[in-house]
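J.: Okay, here's the prediction I keep looking at, along with the sequence it came from:
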Amino acid sequence: MYSEKVMDHFQNPRNVGEIADASGVGTVGNAKCGDIMRMYLDIDENRIIRDCKFKTFGCGAAVATSSMATELVRGKTVEEAMQVTNRAVMEALDGLPPVKVHCSLLAEEAIHAALWDYAEKNGIKIEGLKKPKEDIGEEEIEEEY
Ligand code: FES
């Protein structure tokens, strides 16, 4: 049911933890299951993400997608990080069962929330970035899938 990559990232999640004095921190909740995700980004003066860590009260799929998402955004500019969508993360993990797709949104939304926090603190605008929602509602998941 789960790909080997999902199992690997679930059993050995990369980049779990916190970043002290992070450039941006974002926390989001999943209204469907109540799970919570927090992302920390360390961004340098060239807008490159030097480091990314996460903490979660989330299911295995949320852990695996967040682990992969942190790997994908590290080393990218904040603009490039906007391309790390939940679809991109799922593809990198060789897919997720349909009932677990909403879990992958948690990682994407948490990264967006952390980027928003960074942009606000620095008075900059990131192309395509919208103000984060506190909870990811079921409606929008159904809309997209
Ligand atoms: Fe809640 Fe997966 S069941 S994030």
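T.: Alright, I've got the coordinates.
J.: Skipping its backbone neighbours, what lies nearest D117 in space?
T.: G24 (4.0 Å; CB to CB, 6 or more residues apart in numbering). (Each C-beta comes from the backbone N, C-alpha and C, glycine too.)
J.: Regarding the one you found, what are the backbone dihedral angles?
T.: phi -150, psi 140 (degrees, to the nearest 10).
J.: Over to the one 5 residues further on?
T.: Here the main-chain torsion angles of G29 (degrees, to the nearest 10) amount to phi -120, psi 150.
J.: One more: the one 4 residues further on?
T.: Backbone torsions for C33, taken as degrees, to the nearest 10, come to phi -120, psi -10.
J.: Same check on G26?
T.: phi -140, psi 140.
J.: residue contacts, G128?
T.: M82 (CB atoms under 8 Å, 6 or more residues apart in numbering).
J.: typo on my end, V28
T.: 36-37, 106, 109-110, 113, 132-136.
J.: what's the neighbour count on the residue lying closest to I48 once chain neighbours are set aside?
T.: Spatially, and ignoring its direct neighbours in sequence, I48 is nearest to T77 (5.5 Å; CB to CB, 6+ apart). Counted with other CB atoms under 10 Å, the neighbours of T77 add up to 15.
J.: distance of T77 from I124?
T.: 12 Å (CB to CB, to the nearest Å).
J.: Which elements pack onto the longest helix along the chain?
T.: Counting by DSSP state H, the longest helix found in the chain is helix 101-122. Here helix 101-122 touches strand 24-30, strand 36-43, strand 49-57, helix 60-73, helix 78-81, helix 86-92, strand 135-136, helix 138-144, going by 3 or more CB pairs under 8 Å, 6 or more residues apart in numbering; DSSP states H and E.
J.: please redo it, this time with the cut-off set to 6 Å
T.: strand 24-30, strand 36-43, helix 60-73, helix 86-92 (3 or more CB pairs under 6 Å, 6 or more residues apart in numbering; DSSP states H and E).
J.: how far off strand 24-30 does the third one point, in degrees?
T.: Put simply, helix 60-73 runs at 150 degrees to strand 24-30, going by axes from the mean of the first three to the mean of the last three CA atoms, to 10 degrees.
J.: pLDDT on helix 60-73, on average?
T.: Averaging pLDDT along helix 60-73 yields 96.
J.: Write out the residues of the protein neighbouring the ligand.
T.: Residues of the chain lying close to the ligand (CB under 6 Å from any ligand atom) are 30, 33, 35, 58-59, 61-62, 103, 106.
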